[in-house]
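In: From the sequence below, what's the structure:
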Amino acid sequence: MSLGKWIAGGLGWAFFGPIGGIVGFLVGSAFDASDTLKLSEGKGPSSTTTRGDFMVSLLVLTAAVMKADGVVKKAELEFVKKYMLRSFGKEASQDAIKMLRDILKQEIPVQDVSRQIGQHMDYSSRLQMLHYLFGISSADGATKKSEVELIQMISINMGIGQSDFNSIKSMFYSDTHVAYSILGVTPESTDEEIKKAYRKMAVEYHPDKVSYLGEDVQHTAKEKFQKINQAYESIKKQRGFV
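Out: Below is the predicted model:
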């Protein structure tokens, strides 16, 4: 399967705007002239997110996070390779890594890219993307402040709430109130506030919300969903409520 047929054939809104500006030439070069013309003369971006939109957006933000501290680490690249391999198979993952290497050479307008994702991608998928970015940043076990700050900026521009950002961050970086942080609450929150926060997150983070993105993304969603449940059960046990 060629790079163009795999990625561009499944692109909707990500072929346009700042993301399209970054990957458009790479994708177009994989097509023959008639295919490229046909794609560029379409009606415009769709509001529906496809797997191609998700993956291309992910590759662009992956490059941004990997470049955040000025060094592209081997552990980070291995993390991405394994993710792509599990998600898309050997041939397609090799194509994705080739595209990533080209994207790494470009300047990335991170704020604009993040805003485009926030405007077109559903909230649950954006949460999965944020979770993945933290996975990259912690791949070598030594996340730099610059990486966390960049991911926070991405999160803000994607329209993700601060409590959700703190929750996902807490899944990778523990603190003395990790269970409360995962649920986006504090030890001072009431039982009802904690229950309300849990119910909200149980809906937003449910694995079924991202089933269209494939088994690997859904598997990651299940792991995160399990951490939310574990945090809630821990607080329930500590406080003694049902």
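
In: mind listing the helices for this protein?
Out: With helices called from DSSP state H, the chain shows them at 3-7, 17-28, 33-40, 51-66, 74-88, 90-103, 110-120, 123-137, 145-157, 162-172, 178-183, 191-204, 215-239.

In: name the helices or strands packed onto the fourth one?
Out: Spelled out, that is helix 51-66. helix 3-7, helix 17-28, helix 74-88, helix 90-103, helix 110-120, helix 123-137, helix 145-157 (3 or more Cβ pairs under 8 Å, 6 or more residues apart in numbering; DSSP states H and E). Every residue, glycine included, has its C-beta placed from N, CA and C.

In: relative orientation of the last one and helix 74-88 in degrees?
Out: Following axes from the mean of the first three to the mean of the last three Cα atoms, to 10 degrees, one obtains 40 degrees for the angle between helix 145-157 and helix 74-88.

In: Over helix 145-157, what's the mean pLDDT, rounded is fine.
Out: The pLDDT scores in helix 145-157 average 93.

In: List the buried residues for it?
Out: Within helix 145-157, the residues that qualify as buried are 147-148, 150-152, 154-157, counting by 16 or more other Cβ atoms under 10 Å.

In: helices or strands next to that helix in the packing?
Out: Against helix 145-157 (3+ Cβ pairs under 8 Å, 6+ apart) you get helix 51-66, helix 110-120, helix 123-137, helix 162-172.

In: burial of residue 162, as a residue count?
Out: Residue 162 sits with 11 neighbouring residues when counted by other Cβ atoms under 10 Å.

In: worst-scoring helix or strand of the chain, pLDDT-wise?
Out: helix 33-40 (a mean of 39; mean pLDDT, DSSP states H and E).

In: pLDDT below threshold where in this structure?
Out: Across the chain, the ranges flagged by pLDDT under 70 are 1-10, 25, 27-47, 142-143, 173-177.

In: Show me it divided up by domain.
Out: Annotated domains of the chain cover 1-158, 161-242 [automatic domain parsing].

In: right, so those domains: which one is the most enclosed?
Out: domain 1-158 (a mean of 18; mean count of other Cβ atoms under 10 Å).
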